[in-house]
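A.B. asks: For reference, the sequence and a predicted model appear below.
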Amino acid sequence: MLIERLLARDQGMRFSVSCTTRQPREGEEDGVDYHFISRDRFEADLRAGRFFEHAEFSGNLYGTHFQELEEAALQRRDLLLDIEVQGARQLQEKCIDAVYIFVVPPSFKGLERRLRNRNTENEAAIERRLKQAVHDMAEIGRYQYIIINDELEEAFTQLQSIVIAERIRWHRMESKLGPALDSFRKQNTNV
């Protein structure tokens, strides 16, 4: 819900459609929600170095194809990845300049309630997800920002604020500042 709202309001953002080996859930569309591919194809792409990051979660493989980064660069848009902790750790270990945001459920019970209310997975899958969530929380210190997704409007405001603030950081604005800085430099020589 947070991602959909951000994408609807921010034309400078592109969503990275991940690849996965899991089966589509009801209502999911190939190429929109995920690229649903076979395990053999995923593993072949992984061996060929076609993934920016990848992870195994709940018995399925997930990954971000380099093609997603290339398309975002061509469109001159920021790329939003919705990835597992394993994938984020890989990017951090490669020193990828990115903004790392950990979206936290309000509580363990709150997460369990959300998973059960979705009615998209069987009991074994829910239990695996809950167990993984406990392990994922141990990684929270690796992230620059934390959003507690308790109240949707507040969580969205926080997410949007992070995006705005990160876009105007010095190292991201430097190339855009050239003409303004040059105009001041010229004044310095004229004074």
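C.D. replies: Received the coordinates, thanks. Residues are numbered from 1 along each chain as shown.

A.B. asks: now the strands for the chain?
C.D. replies: In the chain, the strands defined using DSSP state E lie at 13-15, 19-20, 35-36, 51-57, 60-65, 78-80, 101-104, 145-148.

A.B. asks: who wins for proximity to Ala124 among these?
C.D. replies: Closest approach to Ala124 among these (C-beta to C-beta): strand 60-65, 13.1 Å. C-beta: built from backbone N, CA, C; applies to glycine.

A.B. asks: mind listing what the residue lying closest to Gln75 once chain neighbours are set aside touches?
C.D. replies: If the residues on either side of it in the chain are set aside, Gln75 comes closest to Arg14, at 6.1 Å by C-beta to C-beta, 6 or more residues apart in numbering. Counting by C-beta atoms under 8 Å, 6 or more residues apart in numbering, Arg14 makes contact with Glu71, Ala72, Gln75, Arg77, Asp78, Leu79, Leu80.

A.B. asks: tell me, how many neighbours does the last one end up with?
C.D. replies: Read it as Leu80. For Leu80, the neighbour count with other C-beta atoms under 10 Å is 19.

A.B. asks: who's in contact with it?
C.D. replies: Neighbour list for Leu80: Ile3, Leu6, Leu7, Met13, Arg14, Phe15, Ser16 [criterion: C-beta under 8 Å, 6+ apart].

A.B. asks: hmm, which two among those residues are most spread apart?
C.D. replies: Pairwise distances across the contacts of Leu80 peak at 12.9 Å for Leu6 and Ser16 (criterion: C-beta to C-beta).

A.B. asks: which residues are contacting stretch 158-172?
C.D. replies: If you take C-beta under 8 Å, 6+ apart as the criterion, stretch 158-172 is touched by Leu2, Leu6, Arg9, Asp10, Gly12, Met13, Asp78, Val99, Ile101, Tyr145, Ile147.

A.B. asks: typo on my end, it should be stretch 63-71
C.D. replies: Outside of stretch 63-71, the residues within contact range by C-beta under 8 Å, 6+ apart are 14, 16-20, 35, 42, 45-46, 50-55, 79, 81, 83, 87.

A.B. asks: Extract the C-alpha trace of that stretch and format it as PDB.
C.D. replies: Extracted in PDB, the C-alpha atoms of stretch 63-71 (Å, rounded to 0.1, in the frame of the first residue of the first chain):
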ATOM      1  CA  GLY A  63      15.900 -11.100  -7.400                       C
ATOM      2  CA  THR A  64      16.400  -7.800  -9.100                       C
ATOM      3  CA  HIS A  65      17.600  -8.000 -12.700                       C
ATOM      4  CA  PHE A  66      20.200  -5.500 -13.900                       C
ATOM      5  CA  GLN A  67      17.700  -4.700 -16.700                       C
ATOM      6  CA  GLU A  68      15.600  -2.900 -14.100                       C
ATOM      7  CA  LEU A  69      18.400  -0.500 -13.200                       C
ATOM      8  CA  GLU A  70      19.200   0.100 -16.800                       C
ATOM      9  CA  GLU A  71      15.600   1.000 -17.700                       C
END
